[in-house]
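1. Provided below for reference: sequence and predicted model.
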Amino acid sequence: MAALLALGGPALVAKEMTTLRILVNNEVGDPVSRASVVMHKLKNSKKVKAKGSGIQLKTSNRGTAPLPPLQQGDYMLQVISPGYQTFGGKIELNQLEQSYTVTLKPPQTQFSVHEKKE
């Protein structure tokens, strides 16, 4: 039995996974439906380089995006929705279950550096 465990030991050790639930709201707390949620696993925590193609899904009418279980580690999260500023940030998955709330802000006022000729 000990020989069997010694041979299969490392293969039997599963990587820790996290069930992540993303909640997307606007500034007044209303859910933002149909927002694009994109997750990319980072190669390491010091360099911001994405590994693989990532996961992309849309939020429900309640503003939630339940992702499939993800391997624990550092991820880049991006949330995009028309009429709001794009959100981007690094998050760390280190528990069996986690929730993360994103508050989207309205677009900033646009300013021109060109003078208007009269």
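-> Received it, and whenever you're ready, just let me know what you need.

2. Low-confidence ranges, the chain, go.
-> Confidence mapping of the chain against pLDDT under 70 gives the ranges 1-14, 44-53, 116, 118.

3. Chain neighbours aside, what residue packs nearest to the spatially most central residue of it?
-> The chain has residue 77 as the residue nearest its centroid, 3.0 Å off, counting by Cα atoms, centre = their mean. Leaving aside its sequence neighbours, residue 77 sits nearest to residue 91 (Cβ to Cβ, 6 or more residues apart in numbering; 5.3 Å). Yep, even glycine has a C-beta here, placed from its N, CA and C like the rest.

4. Next: residue 80.
-> Leaving aside its sequence neighbours, residue 80 sits nearest to residue 36 (Cβ to Cβ, 6+ apart; 4.5 Å).

5. and the one you found, how many neighbours?
-> By other Cβ atoms under 10 Å, 16 other residues sit near residue 36.

6. now swap in residue 65 and tell me
-> Close neighbours of residue 65, defined as other Cβ under 10 Å, add up to 23.

7. Give the full set of residues in contact with it.
-> By Cβ atoms under 8 Å, 6 or more residues apart in numbering, the residues touching residue 65 are 21, 22, 23, 24, 35, 37, 57, 58, 59.

8. Ok, residue 71 next?
-> Applying Cβ under 8 Å, 6+ apart, we find residue 71 in contact with 15, 16, 17, 18, 41, 93.

9. let's see it at 7 Å
-> Residues near residue 71 by Cβ atoms under 7 Å, 6 or more residues apart in numbering: 15, 17, 41.

10. Run a quick neighbour tally on the first one.
-> The local packing count at residue 15 equals 7, with neighbours defined by other Cβ under 10 Å.
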